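K.L.:
pasting the sequence and the predicted model now:
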Amino acid sequence: MTKRKYLIAAILIIILGVGIVIINDNNLLNSNQTGQNTQNASAITRELIANSSDDPGSVEVIKNIGNPNGEKIAYVVGVHPLEHETHETLVNLLPKTDNLNYCYDIYIINVTEDVGHYGDGSSDNSPGRQNGQNLAYKYVYPQIVNGSYKAAIDIHSNVGAYPYKTFVFSPITGSPGEKYASEVAGKCENISYYSPPSTTSGPFLTEPLNQNGVPAFYLEEYSFADQSTKDMHMKELISAVDSLKF
């Protein structure tokens, strides 16, 4: 074999060796990433925390979404059952969001009796709304106030009777909840800060949380926005909340 052939063979062997090293490194990287994703996914649990025949519904919680080593933040859905499309939007999107800084639990209230028709514009005093509020105070409030959470966000929607259709607010002026809600609005292109004159659910969840050390605020979405718009707004909220500094 000539010197030229030896040189070509040596170059081919070097190229082949480098290629094998790169492939192995990539396989190791993908394996590590898969292992990390699997570990985070396996940390997520769904638990039933209330299901008594004496209650007008049940309560469950999806736990450990995002960074299991991060500060804990609670979301609450289902307080007003006819606003379910906005609730389902959060439950669908939050667990699919990558690279979250914090650890999230979603408390889900499932009202089964006298659901009411708030989503169609009926009275704030409809039985289903009150049933959801009672379940929130009885089961969700104690879990959050005793759960070392840095903040809580109660997800709602409205029929468009306010000056703003999509907004955040806290019912207690000057509270840390108001501060964080204002910061969230400042980070969002499509979510404003607006405080309505009153809220029926405040005394059952966000007000006592604020009064007892857990900053709490609302998201209000427009009930009749199309799903793509709801998705866009919810992604904005998730990102803004995850960038808060506690």
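P.N.:
Now that the structure is in, tell me what you want to look at.
K.L.:
report the contact partners of E236.
P.N.:
E236 makes contact with 187-191, according to Cβ atoms under 8 Å, 6 or more residues apart in numbering. Every residue, glycine included, has its C-beta placed from N, CA and C.
K.L.:
let's see 10 Å
P.N.:
166, 184-185, 187-191, 219 (Cβ atoms under 10 Å, 6 or more residues apart in numbering).
K.L.:
and what of Q143?
P.N.:
49-50, 59, 61, 74, 76, 105, 107, 149.
K.L.:
repeat for S148
P.N.:
Applying Cβ under 10 Å, 6+ apart to S148 gives the contacts 71-72, 214.
K.L.:
I'd like to know which of those are buried.
P.N.:
In the contacts of S148, burial by neighbour count holds for 72, 214, counting by 16 or more other Cβ atoms under 10 Å.
K.L.:
quick check, nearest of the contacts of Q143 to S157?
P.N.:
V76 (13.5 Å; Cβ to Cβ).
K.L.:
can you name the residues bridging to the closest one?
P.N.:
Y107, D154 (DSSP bridges).
K.L.:
quick check, pLDDT for it.
P.N.:
With respect to pLDDT, V76 has a value of 98.
K.L.:
since we're on it, how many residues are nearby?
P.N.:
30 (other Cβ atoms under 10 Å).
K.L.:
can you check Y162 too?
P.N.:
Counted with other Cβ under 10 Å, Y162 comes out at 16.
K.L.:
hey, where'd the strands end up in this protein?
P.N.:
45-50, 57-66, 72-77, 103-111, 149-158, 167-169, 192-193, 216-222 (DSSP state E).
K.L.:
export the ones you listed as TSV, with columns for distance to G132.
P.N.:
Listed next are these as TSV, based on distance: least, Cβ to Cβ, whole Å:
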stretch	distance to G132
strand 45-50	12
strand 57-66	7
strand 72-77	10
strand 103-111	5
strand 149-158	10
strand 167-169	19
strand 192-193	24
strand 216-222	14
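K.L.:
burial count for K165?
P.N.:
K165 has 21 nearby residues by other Cβ under 10 Å.
K.L.:
what bridges to the closest residue in space to it that isn't next to it in sequence?
P.N.:
Spatial nearest neighbour of K165, chain neighbours left out: Y222 (3.8 Å); criterion: Cβ to Cβ, 6 or more residues apart in numbering. As for beta bridges, Y222 partners with N158 under DSSP bridges.
K.L.:
alright, calling it a day.
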